[in-house]
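okay, predicted coordinates and the sequence, questions at the end:
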Amino acid sequence: MDRIDRKILRLLQEDAERPLSEIAEAVGLSTTPCWRRIRNLEDAGVIRRRVALLDPGRMNVGVTVFVRIRTSQHDYDWLEDFAKAVAEMEEVVEFYRMSGDIDYLLRVVVPDIAGYDEVYKRLIQAAKLSDVSSNFAMETLKYSTALPVTYAK
């Protein structure tokens, strides 16, 4: 990956609907070589997909909850079942297996506390959990889906 590929990725992360001609001009290429580079980045899996970013407030899910989960279950079958159950909860927009003092971290978006309570009940029904701790975000100070491209190889 070279400087031009990185610049293409920055531009696409800002606006994936940007016309190919604009991207090509911004990186100093004609459209065909630029299109080939984008296709190569897609084929290599660097660009996984192109999506629309929705406004949480307008979608009535303006409350973000970070959920820390601990469990005494650490076998593969338990994890597989738990991961499947969580994957089916559309309110869970991020789900991580962690190192350290918690086992799993979830980012959940809901309309209000009652909405989170419904998610909580589904979580504790889905699997045997030792501890579920929740923190409600008071304000979003930075939010981005753009990844840094400087480290790309």
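Perfect, I can see it now.

please report how far the residue nearest the centre of the chain lies from residue 121.
The residue lying closest to the centre of the chain (C-alpha atoms, centre = their mean) is residue 94, at 5.5 Å. Using C-beta to C-beta, to the nearest Å, residue 94 is found at 20 Å from residue 121. For the C-beta atoms, the positions are set from N, CA and C on the backbone; glycine is no exception.

and the strand or helix carrying residue 32, what does it pack onto?
Here residue 32, judged by DSSP states H and E, is contained in helix 31-43. Judged by 3 or more C-beta pairs under 8 Å, 6 or more residues apart in numbering; DSSP states H and E, the packing partners of helix 31-43 are helix 3-14, helix 20-27.

give the contact list for the residue in the chain sticking out farthest from the centre.
The outermost residue of the chain, judged against the average C-alpha position, is residue 30 (32.4 Å), by C-alpha atoms, centre = their mean. Residue 30 makes contact with residue 24, according to C-beta atoms under 8 Å, 6 or more residues apart in numbering.

next: the one 4 residues further on.
With C-beta under 8 Å, 6+ apart as the criterion, the residues that contact residue 34 are 8, 20, 23-24, 27.

6 Å instead?
23-24 (C-beta atoms under 6 Å, 6 or more residues apart in numbering).

got a pLDDT number for it?
Note for residue 34: predicted pLDDT of 98.

helix/strand/coil for residue 64?
Secondary structure assignment for residue 64 (DSSP: H, G, I helix; E, B strand; the rest coil): strand.

I'd like the numbering to begin with 555 instead of 1 from here.
Renumbered: residue one is now 555, and that last one reads residue 618.

what ranges do the strands span in the protein?
With DSSP state E as the criterion, the chain has strands at 617-624, 646-651, 658-664, 685-690.

okay if I get those as a markdown table plus distance to residue 597 and mean pLDDT?
Below are the strands of the chain laid out as a markdown table (distance: least, C-beta to C-beta, whole Å; pLDDT from 0 to 100):
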| stretch | distance to residue 597 | mean pLDDT |
| --- | --- | --- |
| strand 617-624 | 35 | 98 |
| strand 646-651 | 27 | 98 |
| strand 658-664 | 30 | 98 |
| strand 685-690 | 40 | 98 |
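
of all these, which lies closest to residue 607?
strand 646-651 (11.7 Å; C-beta to C-beta).

which residues does that closest one contact?
640, 658-663.

list just the one of the helices and strands packed on helix 585-597 that sits closest to residue 681.
helix 557-568 (34.9 Å).
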